[in-house]
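Student: only the shape, not the letters, is given here:
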């Protein structure tokens, strides 16, 4: 279990927005051929993947956390800001 219990939904939303913007800028700065380069993903269970795969995984995680935020806001009866 992570440290989510200590996070306020509004703070997490701000962090997610900031990090997603940085991801877009970083990926946008890469030359097209960079997406087929490989890297080792995960120190726990190392796996060789392409930058394209890692980028898709990052987007998936952002979407997952955005859904978590919305679900929690719904439970609290709050609207996203």
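Tutor: In hand now; what should we look at? Just so you know, these numbers come straight off a predicted model, no measurement behind them. Numbers count the residues shown, from 1 in each chain.
Student: by mean pLDDT, flag the weakest helix or strand of the chain.
Tutor: Taking mean pLDDT, DSSP states H and E as the measure, helix 51-76 is the helix or strand of the chain with the lowest mean score, a mean of 84.
Student: that one - contacts with which helices or strands?
Tutor: Identification of packing neighbours for helix 51-76 by 3 or more Cβ pairs under 8 Å, 6 or more residues apart in numbering; DSSP states H and E yields helix 9-29, strand 38-41. For glycine as for every other residue, the C-beta is placed from the backbone atoms N, C-alpha and C.
Student: what are the buried residues along the first one?
Tutor: Okay, so that is helix 9-29. By neighbour count, and taking 16 or more other Cβ atoms under 10 Å as the criterion, the buried residues in helix 9-29 are 9, 12-13, 16, 20, 27.
Student: what separation is there between the residue in the chain sticking out farthest from the centre and residue 9?
Tutor: When distances to the mean C-alpha position of the chain are computed (Cα atoms, centre = their mean), the maximum falls on residue 77, with 24.5 Å. From residue 77 over to residue 9 the distance is 12 Å, taken as Cβ to Cβ, to the nearest Å.
Student: thinking again about what came up before, weakest of the helices and strands packed on helix 51-76 by average pLDDT?
Tutor: Comparing mean pLDDT across these, the lowest value falls on helix 9-29: a mean of 87.
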